[in-house]
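*Asks:* sequence unknown, structure follows:
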């Protein structure tokens, strides 16, 4: 694909500024100037200058503000990274979404992970559309204070989930939200999440134990990070100021978990507003979150627990009430856990088939208490209705 039809590349003087610091991330990144890219890269940074889905127009100026701080950070990363420049705002919002979906599709086919800097959060729809074109089933996770399922005709940062969940044919297998705050949750959206067996993890639960997010992110293909999920004292430059939310170090930990996920194909950071940013504090944090994502990427284990070998230990727990046998798998390499969820019986298949889903040690402990873990119930129901 000729990427130049969608992109504006960086001015050579700007590139020189980014690359000046020895051992900085900027000195290790290649800046795209040609028309196509090869498969030799691990990560591709893309800015998207789109604001029409947000109430604050300056969100479209965020990518270059983040780069100023990102490329000055020191890094020992061995990952091959390319900065593709910016997708400029199209004539219509759907033009921008189309350009983003085309680029993400091409990069995913080349096994290159796009790191998208927005822009407003409805750009998540453009990322999802790339998977529609690839005809790939996808798991989507948002980090957000609320569920963005406002039932209106237009597409914006409060309504884009309806375009994803209601699209036909639908390639969304699972949707999870991390960091919801009850006073921002529409009860109808909570009911919808329960009806579709989707996951909604409250902010308080994650702040009590941030590791609860790791299995969810390990099972995610697309992560959409709304910076409004972080409290205003940490990020003054966002499109919705809130006194509550994640702390900066928690946001960085979530980004690191995302980078470590073997399934994570695309990550996006949205809703930064430079006009409200104080001393570049928000841009600093987003840059650090991307730094942690890159660090996490270098820690990937490429684990495949369905293969029987000495690196994995299998545990079986039988629940007394249902006599259901739960099968857990633990990695000796990373100490991470998975569950085997059985597919419905089929006369056409001789042996029992399983869907492998990441879980936590706490899920195993729940089973030992003779209780069925929620993740087993939700996944089993999704398998049976899909």
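*Replies:* Here it is on my side, so go on. Keep in mind that this is a model prediction, so the values were computed, not measured.
*Asks:* What's the local residue count around residue 249?
*Replies:* Residue 249 has 13 neighbours, counted by other Cβ atoms under 10 Å. C-beta: built from backbone N, CA, C; applies to glycine.
*Asks:* now do residue 80
*Replies:* 14.
*Asks:* Residue 51 - how many residues pack around it?
*Replies:* 23.
*Asks:* Which residues are in contact with it?
*Replies:* 57, 58, 59, 60, 89, 119, 120 (Cβ atoms under 8 Å, 6 or more residues apart in numbering).
*Asks:* Now name the helix or strand holding it.
*Replies:* Assigned by DSSP states H and E, residue 51 falls within no helix or strand.
*Asks:* helix, strand or coil for the residue nearest the centre of the chain?
*Replies:* The residue lying closest to the centre of the chain (Cα atoms, centre = their mean) is residue 223, at 1.0 Å. Three-state call for residue 223 (DSSP: H, G, I helix; E, B strand; the rest coil): strand.
*Asks:* On the strand side of things, show who it bridges to.
*Replies:* residue 141, residue 267 (DSSP bridges).
*Asks:* I'd assumed residue 264 was in contact with it.
*Replies:* Yes. Shown here, residue 223 and residue 264 form a contact pair, counting by Cβ atoms under 8 Å, at 6.4 Å.
*Asks:* shared neighbours, those two?
*Replies:* With Cβ under 8 Å, 6+ apart, residue 223 and residue 264 have common neighbours 217, 258.
*Asks:* So, low pLDDT: which residues of the protein?
*Replies:* Where the chain drops to pLDDT under 70, the residues are 35, 307-308, 345-352, 385-386.
*Asks:* all helices for it, in order.
*Replies:* Residue ranges of the helices in the chain, as given by DSSP state H, are 12-18, 25-28, 62-70, 93-109, 123-134, 160-165, 187-195, 203-208, 213-218, 248-260, 281-298, 361-368, 374-385.
*Asks:* now the angle from the fifth one to helix 93-109?
*Replies:* Inter-element angle recorded for helix 123-134 and helix 93-109: 60 degrees (by axes from the mean of the first three to the mean of the last three Cα atoms, to 10 degrees).
*Asks:* residues in contact with helix 123-134?
*Replies:* So helix 123-134 is contacted by 48, 50, 53, 96-105, 108-109, 114, 116, 137-138, 140, 142, 155, 160, 163-164, 167, 169, 171-172, 221-222, 224, 266, 268, 270 (Cβ under 8 Å, 6+ apart).
*Asks:* Just the buried positions in it, please.
*Replies:* 123, 124, 125, 126, 127, 128, 129, 130, 131, 132 (16 or more other Cβ atoms under 10 Å).
*Asks:* would you turn these into JSON lines with distance to residue 240?
*Replies:* Formatted as JSON lines, the buried residues of helix 123-134 follow (distance: Cβ to Cβ, whole Å):
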{"residue": "123", "distance to residue 240": "16"}
{"residue": "124", "distance to residue 240": "16"}
{"residue": "125", "distance to residue 240": "19"}
{"residue": "126", "distance to residue 240": "21"}
{"residue": "127", "distance to residue 240": "21"}
{"residue": "128", "distance to residue 240": "22"}
{"residue": "129", "distance to residue 240": "25"}
{"residue": "130", "distance to residue 240": "27"}
{"residue": "131", "distance to residue 240": "27"}
{"residue": "132", "distance to residue 240": "29"}
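*Asks:* For the residue lying closest to residue 379 once chain neighbours are set aside, list each beta-bridge partner.
*Replies:* In this structure, residue 379 finds its nearest non-sequential neighbour in residue 341, 4.6 Å apart by Cβ to Cβ, 6 or more residues apart in numbering. As for beta bridges, residue 341 partners with residue 355 under DSSP bridges.
*Asks:* quick revisit: which of the contacts of helix 123-134 are buried, as a ChimeraX select command?
*Replies:* In ChimeraX, a selection of the buried entries from these looks like this (16+ other Cβ under 10 Å):
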select :48,50,53,96,97,99,100,101,102,103,104,105,108,114,116,138,140,142,155,160,163,164,171,172,221,222,224,266,268,270
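*Asks:* which one of the helices of the chain lies closest to residue 230?
*Replies:* Nearest to residue 230 among the helices of the chain is helix 248-260 (5.3 Å), distances taken as Cβ to Cβ.
*Asks:* Determine the set of other helices and strands touching that closest one.
*Replies:* helix 213-218, strand 222-226, strand 266-270, helix 281-298 (3 or more Cβ pairs under 8 Å, 6 or more residues apart in numbering; DSSP states H and E).
*Asks:* give me that answer again for 10 Å
*Replies:* When contacts are defined as 3 or more Cβ pairs under 10 Å, 6 or more residues apart in numbering; DSSP states H and E, helix 248-260 packs onto strand 138-143, strand 172-180, helix 203-208, helix 213-218, strand 222-226, strand 266-270, helix 281-298.
*Asks:* Of those, give the one that comes closest to residue 334.
*Replies:* helix 213-218 (10.0 Å).
*Asks:* now that closest one, how far from the centre of its chain.
*Replies:* How far helix 213-218 lies from its chain's middle: 10 Å, per Cα atoms, centre = their mean, to the nearest Å.
*Asks:* Run through the residues that contact residue 255.
*Replies:* 143, 217, 223, 225, 267, 269, 286, 288-296 (Cβ atoms under 10 Å, 6 or more residues apart in numbering).
*Asks:* distance between the ends of stretch 232-246?
*Replies:* 9 Å (Cα to Cα, to the nearest Å).
*Asks:* just stretch 243-251 next, same as before
*Replies:* Termini of stretch 243-251 sit 15 Å apart (Cα to Cα).
*Asks:* from the chain's centre, how far out does it sit?
*Replies:* How far stretch 243-251 lies from its chain's middle: 17 Å, per Cα atoms, centre = their mean.
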